[in-house]
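Asker: no FASTA, just this:
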């Protein structure tokens, strides 16, 4: 009887994910008695020779190991517990618009000042081929509503330029290049804020070099106070 129990016999089985119940391939299996090591196949199945009482260790990255004692030669179903919970894929859509997208949305909101009236030239062409003065263009130039519309367009364009600067010259980028933290980060960005032409023309490489050069200047006197220029005084147009 003891001799029969000590005989080597074949055994087979399948490895599953304990949570999803799906088959797991490429699981390493080690027999502690013989030190034999092998992997199950792509169908998650394994075949090996064992003795009753042998201990088998099943292991795979991202799963907890499981030790099984062979009690008979019946097929084994092994369930490995994942070390972390696998979440379903979530698609995240960026809701932060680029400056160009924001400008396009603003133009849609103010369609009248960016429509046909806003784009007309002072010189108009008549159907007969002669050039004349556009009444609509003169209205835009000299009427109170036209002046207000033109002022609003100028303000929108200015905001677009500032948004372009903020979009490229942002705290995440500057902090990663300089290592600065608040409040020095804000002080640095106020002191060395680039212009619209620079952020729209220079390459990423040159832009980073500029930030590094300004950082070296900043560190020579990091405590120097910086006061932003005063805001311009704007008088509101009032209807008479």
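Answerer: It's in. Bear in mind that the values here come from a model prediction, so they are computed numbers and not experimental data.
Asker: tell me what the helix or strand containing residue 105 is packed against?
Answerer: Assigned by DSSP states H and E, residue 105 falls within helix 99-109. If you count contacts as 3 or more Cβ pairs under 8 Å, 6 or more residues apart in numbering; DSSP states H and E, helix 99-109 packs onto helix 144-168. C-beta coordinates here come from the backbone N, C-alpha and C atoms, glycine included.
Asker: what about the longest strand in the protein?
Answerer: If you go by DSSP state E, the chain has its longest strand at strand 9-17.
Asker: hmm, who's touching that strand?
Answerer: Residues outside strand 9-17 that contact it (Cβ atoms under 8 Å, 6 or more residues apart in numbering): 22-24, 27, 40, 43-52, 58, 63, 70, 73-80, 82.
Asker: all strands for this structure, in order.
Answerer: Ranges of strands within the chain are 9-17, 28-31, 37-39, 45-50, 55-59, 66-69, 76-80, 123-125, 131-133, based on DSSP E.
Asker: low-confidence ranges in this structure?
Answerer: Applying pLDDT under 70 to the chain flags the ranges 1-6, 85-97, 109-152, 224-240.
Asker: please parse it into its domains.
Answerer: As assigned by automatic domain parsing, the chain contains the domains 9-80, 95-168, 169-228.
Asker: I'd like those domains as JSON lines, with mean neighbour count appended.
Answerer: What follows is those, written out as JSON lines (neighbours: other Cβ atoms under 10 Å):
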{"stretch": "domain 9-80", "mean neighbour count": "15"}
{"stretch": "domain 95-168", "mean neighbour count": "13"}
{"stretch": "domain 169-228", "mean neighbour count": "13"}
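Asker: so how far is residue 99 from the closest residue in space to residue 67 that isn't next to it in sequence?
Answerer: Ranked by Cβ to Cβ, 6 or more residues apart in numbering and with sequence neighbours excluded, the top spatial neighbour of residue 67 is residue 57, at 5.2 Å. Applying Cβ to Cβ, to the nearest Å, the value for residue 57 to residue 99 is 58 Å.
Asker: for residue 108, same thing?
Answerer: Residue 108 is 15 Å from residue 99, by Cβ to Cβ.
Asker: ok, now residue 35?
Answerer: 65 Å.
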